[in-house]
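>>> Need the 3D shape of this:
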Amino acid sequence: MSADGDRDRNAVAMLVDAQIAATNGNRRALVYRDKNYSFHDLAALVNRAGNMLRSMGVERGGRVMIVLSPSPALIGVMLGAIKIGAVAITTGVADAAKIRSACDRHQPVVAIVDGSRLDELRPTLGATKLIVAGDSRDNLPALLDLLRAAPSSLTAEAVNESDPALIVIDAEGEKSANHADLAREASGQGSLGLRLGGFDLSVALARLAECNEVNISGQ
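Numbers count the residues shown, from 1 in each chain. This is a model prediction of the structure:
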């Protein structure tokens, strides 16, 4: 199979890049508080996040721990990691013990943590490279600064549909999804029921795939 054929299996190519290719870039993708993000905005955010992660040493198959509340930053970093062939690990639970356990199992290369939880979670993350969402602290890089410095163009990594893409930690434990699983969730035919607390991630993926907006703050 050609590299282009493989690349089409990357779930993010279907969720975001396909909307740009179909000239739907000006349609609204995300609504968050009083801000609207078009598919062009989302694509640029995802690409910047993927390039940022690569610059931090994340390679295909590498793990990225994301401890952020539902927001455009969470969606962008999660999809950016998946687009470069890495595995995004994210959680809607506030239990530091579960986060520590996940880090012990998966050994993430990078962790992106809300600054308000840095002191609480830093001991659980081991020697993982840390990025702080919010103001920079303790000489740690700030997520917004890194995203602004990263290029906004990125080609989806060629992957197999069975390659791991996402791990969601919820109150019941872990749910893992490969690229094929995410495609099924996005088509509305999946059964994983991915949730981040009150945010229904499976529904969000399906809405993006249908070129409909996702109201993050409304979930």
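>>> what's the closest non-adjacent residue to Gln107?
Distances taken as C-beta to C-beta, 6 or more residues apart in numbering place Arg63 nearest to Gln107, at 6.4 Å, with adjacent residues excluded. Every residue, glycine included, has its C-beta placed from N, CA and C.
>>> Is the one you found in contact with Asp104, as I believe?
No - using C-beta atoms under 8 Å as the test, Arg63 is too far from Asp104 to be in contact (11.7 Å).
>>> More neighbours: which of those two?
Ranked by neighbour count (other C-beta atoms under 10 Å), Arg63 and Asp104 place Arg63 first, with 22 against 10.
>>> For the top helix by length along the chain, buried residues please.
Looking across the chain with DSSP state H, the single longest helix is helix 39-55. Under the neighbour-count criterion of 16 or more other C-beta atoms under 10 Å, helix 39-55 has 39-54 buried.
>>> quick revisit: mind listing what the residue nearest to Gln107 touches?
Neighbouring residues of Arg63 by C-beta atoms under 8 Å, 6 or more residues apart in numbering: 86-87, 89, 106-109, 167.
>>> Relative to Ala133, how far out is the spatially most central residue of the chain?
Nearest to the mean C-alpha position of the chain, by C-alpha atoms, centre = their mean, lies Met78 at 0.5 Å. Distance, Met78 to Ala133, using C-beta to C-beta, to the nearest Å: 13 Å.
>>> what do those two both touch?
Counting by C-beta under 8 Å, 6+ apart, nothing touches both Met78 and Ala133.
>>> just the helices in this structure please.
Using DSSP H, the helices of the chain run over 3-7, 11-12, 18-21, 39-55, 72-83, 96-106, 118-121, 143-149, 179-187, 201-209.
>>> Quick check: beta-bridge partners of Cys142?
Not quite, residue 142 is Ala, not Cys. Val132 (DSSP bridges).
>>> my guess is it contacts Ala149, does it?
No - counting by C-beta under 8 Å, Ala142 stays clear of Ala149, with 10.5 Å between them.
>>> So the two - more neighbours on which side?
More crowded of Ala142 and Ala149, by other C-beta under 10 Å: Ala142, with 16 against 12.
>>> Tell me how far the more buried one lies from Val110.
14 Å.
>>> Could you tell me which residues touch both of those two?
By C-beta under 8 Å, 6+ apart, Ala142 and Val110 have these common neighbours: Ile131.
>>> got the contact list for Leu201?
Leu201 neighbours (C-beta under 8 Å, 6+ apart): 168, 194-195.
>>> one more time with 10 Å
Applying C-beta atoms under 10 Å, 6 or more residues apart in numbering to Leu201 gives the contacts 70, 74-75, 78, 90, 92, 166, 168, 170, 175, 177, 182, 185, 192-195, 214, 219.
>>> what pLDDT does it get?
If you check Leu201, the pLDDT there is 95.
>>> ok, now Ser217?
At Ser217, the model reports a pLDDT of 78.
>>> Check Val12 too.
96.
>>> Now do the spatially closest residue to it that is not a sequence neighbour against Glu213, distance only.
Once flanking residues are discounted, Val12 sits nearest to Lys83: 4.1 Å by C-beta to C-beta, 6+ apart. According to C-beta to C-beta, Lys83 stands 20 Å off from Glu213.
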